[in-house]
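S.K.: need a structure here:
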Amino acid sequence: MHIKKIVTGGALLGALFGLSACSNMSQQDRNTAVGAGVGAVAGSVLSGGSAIGTVGGAAVGGVIGNQVSKPPR
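M.R.: Down below sits the predicted model:
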């Protein structure tokens, strides 16, 4: 149980540092990163935690996030 708290704290700390790196990104880059993160979580939940579901969800979410804020041509 103690290990679980340490891992959770480390993941939250990593996410905090990861978000600070987004300050110089364009809106499309941020949306791609957020979409990949949300897609990874959704893919993991829907597939029962399988690695393939997580990676697939991240890929689909990243593409959707990228296309949402695509600049008009």
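
S.K.: Could you measure from the most centrally placed residue in the chain over to I3?
M.R.: Taking CA atoms, centre = their mean as the criterion, G37 is the residue nearest the geometric centre of the chain, at 1.2 Å. Separation of G37 from I3 (CB to CB, to the nearest Å): 24 Å. The way it works is simple: take the backbone N, C-alpha and C, and place the C-beta from them, glycine included.

S.K.: Any stretches of the protein with poor pLDDT?
M.R.: Across the chain, the ranges flagged by pLDDT under 70 are 1, 4-5, 7-9, 13-23.

S.K.: Can you list the residue ranges for helices in it?
M.R.: 2-20, 27-46, 51-68 (DSSP state H).

S.K.: Need the contact partners of the second one.
M.R.: Looking back up the chat, that one is helix 27-46. Residues from elsewhere that reach helix 27-46 (CB atoms under 8 Å, 6 or more residues apart in numbering): 22, 25, 50, 53-66, 68-71.

S.K.: Ok, the last one next?
M.R.: The list of residues contacting helix 51-68 from outside it, by CB under 8 Å, 6+ apart, reads 28, 31-44, 46-47.
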